[in-house]
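1. can't give you the sequence, but here's the structure:
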């Protein structure tokens, strides 16, 4: 059974999920770079292999077939339980049960390479699925935060190459998310403006880090990028909640993602990357106790971070949380702006 | 010229060091796993190849030869300047020059695999060198924190296989270090006891995560380990300052490190790892202004973290700062305790 642990020195929650690996030999490095390019015949996410996944949670139908499927993760980091079982351990540590959910969004029945290879319509269906699952999981009062992310490529942590994303619902608001919520709230209290909107407007005005302003979204390389070619995708219209996107905005985001991932591919090849949605935590209070975010964080701004995995994170970064980025974001943005896309906007 | 940047949403400093890579093609992945096992003839850190490194900063002599050398990093993340040049950018961002130092400690003239293969005497000389360089760098009032770390193996970020460590002096106290200093101070103010000593005593009492208590040090797998087989090495005698180690303690630490890295190797093979020293920040105030840590953090406790790199850090972790660890630290400690070492303590 997975559990959540927190120690007093780091003040950081960690999921200990022994179901995901058990013996020291499980950690032996397999030097087989082709393992990820399994043939569609053995790919559990391809059409026709539906029986290879756990029972389906959600599907967008396409006649007898499907366009997008959601299934539970076979090796879930968190599982659905009734009670959190929060307790102290040895007086100094905190523990709770690994309450949560861990789902896989299979983005297409076809074994293509990435979102960038899909049609606008297909990516819009993926966004519809994200929103449907987030809305459903947000009904559960135990889930404080729902994280949506995508690992593309082995170096980015993907164990299967068929395009998929993951959703993890957690019984806590992770420390980094909490910090950014707090920062946004403090700024709003002082200025009565959204911090993220202010940063976005400065970036648009300056322009040197902007890759593209298209379809209601702005894509830029953050001033304090930790990684080469790190990007953020912001909706121009302020909203704290990704699930509130209109149909038109969903199409706009689909086009923006296809174009942005297409630029990265054109410039850097099939680069491994992580993609993370930052959105409001679940404001539903737990039974009998007010939630930490019992009022909606209207001062927050949803966005997507795209983190290419081109550099190794080493001792310096782990030791300090302080990163070395060899690629100035101004240069990264210029290289990406200069990419000629096949489909002009 | 490297620079330090901080944005208002993450509140995190990043080093942008364009000297370390310039063109998109520099980020192309080279699928050559043997690159790291360069022959000693071409290894710039081997005895006889001293001319291949930048001019030496420090050496422990051995007749005409040497036992340990320190040289500047050829591609420094930070460089020595006179002034920080702190300034605002676009009203919302912070910038300062990349003031600092970046040094390489060549741990042995021989092209061996790792610290675990060296004699106790040699590892003690490496510790002497660490302390000599830290003491020297701490004299510079611009340097607020001096980070000592080691990347072993390509997956851990090492670009050369010859055993070496790195020292980076920074003009800021990194956020994670500052948080842990604050946590230690708050605890001390309440309890008049060191938080780290309290945690260590609870770990010794419980024993389930302890690998070894030997030579004045305790080695255990932290309760909230982020990574499989993550370990910490604590001195049993409270001290905030690694540079205050006595000769006897240095030998004790040398033996403890050799034994601990030997256990990891025996269990997991030549596992890539990062090793990070956590110690007091530089308490010297900057000219004309008091330092942030203008009083010594006697309430802190120096220690070494060893982070094997067996799992990929993926979107979930980057998005939240919240980790999934598939190996409970109790099992990790048991596996490591069960290792039969050739040299019993």
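-> Perfect, thanks for sending it. Keep in mind that this is a model prediction, so the values were computed, not measured. Numbering: from 1, shown residues only, chains lettered A, B, ... in the order given.
2. look up how far chain B lies from residue A:314.
-> Distance of residue A:314 to chain B, computed by Cβ to the nearest Cβ, to the nearest Å: 3 Å. Where you see a C-beta, it was placed from the backbone N, CA and C, and this is true even at glycine.
3. tally of neighbours for that residue?
-> 23 (other Cβ atoms under 10 Å in any protein chain shown).
4. that one and residue B:154 touch, don't they?
-> No. Counting by Cβ atoms under 8 Å, residue A:314 stays clear of residue B:154, with 10.4 Å between them.
5. list the buried residues for stretch A:56-75?
-> A:57, A:59, A:66-73 (16 or more other Cβ atoms under 10 Å in any protein chain shown).
6. over to stretch A:109-121?
-> Those would be A:109, A:111, A:114-116, A:118, for stretch A:109-121 by 16+ other Cβ under 10 Å.
7. which ones among the buried residues of stretch A:56-75 map onto helices?
-> Among the buried residues of stretch A:56-75, no residue falls in helices (DSSP state H).
8. the closest residue to chain B within the stretch 1-150 of chain A: which element?
-> Using Cβ to the nearest Cβ, the single residue of the stretch 1-150 of chain A nearest to chain B is residue A:149, 3.2 Å away. Using DSSP states H and E, residue A:149 maps to strand A:145-152.
9. check the offset of that strand from the chain's centre.
-> Its chain's average C-alpha position is 3 Å from that of strand A:145-152, according to Cα atoms, centre = their mean, to the nearest Å.
10. that older thread, turn the buried residues of stretch A:109-121 into CSV, including secondary structure, distance to residue A:200 and pLDDT.
-> Converted to CSV, the buried residues of stretch A:109-121 look like this (DSSP: H, G, I helix; E, B strand; the rest coil; distance: Cβ to Cβ, whole Å; pLDDT from 0 to 100):
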residue, secondary structure, distance to residue A:200, pLDDT
A:109, coil, 36, 96
A:111, coil, 37, 94
A:114, coil, 26, 93
A:115, helix, 23, 94
A:116, helix, 24, 93
A:118, coil, 27, 96
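11. thought residue A:230 was touching residue A:224?
-> No. In this structure, residue A:230 is not within contact of residue A:224 by Cβ under 8 Å, at 9.3 Å.
12. for the residue lying closest to residue A:93 once chain neighbours are set aside, what are its contacts?
-> Excluding its sequence neighbours, the residue lying closest to residue A:93 (Cβ to Cβ, 6 or more residues apart in numbering or on different chains) is residue B:223, at 4.8 Å. Going by Cβ atoms under 8 Å, 6 or more residues apart in numbering or on different chains, residue B:223 touches A:5, A:7, A:89-90, A:93, B:203, B:209, B:329.
13. neighbours of residue A:192, how many?
-> 8.
14. nearest residue to residue A:202 in space, please, no chain neighbours.
-> residue B:90 (4.4 Å).
15. that neighbour contacts residue A:208, correct?
-> No. At 9.7 Å, residue B:90 does not count as touching residue A:208 under the criterion of Cβ under 8 Å.
16. quick one, what contacts residue A:53?
-> So residue A:53 contacts A:44-45, A:69, A:71, A:74, A:104, A:106 (Cβ under 8 Å, 6+ apart).
17. nearest to residue A:195 among these?
-> residue A:104 (33.0 Å; Cβ to Cβ).
18. is the closest one in a helix, a strand, or coil?
-> strand (DSSP: H, G, I helix; E, B strand; the rest coil).
19. ok, it - contacts?
-> Applying Cβ under 8 Å, 6+ apart, the residues near residue A:104 are A:45, A:53, A:70-73, A:164-167.
20. same thing but at 6 Å, please
-> A:71, A:73, A:164, A:166 (Cβ atoms under 6 Å, 6 or more residues apart in numbering or on different chains).
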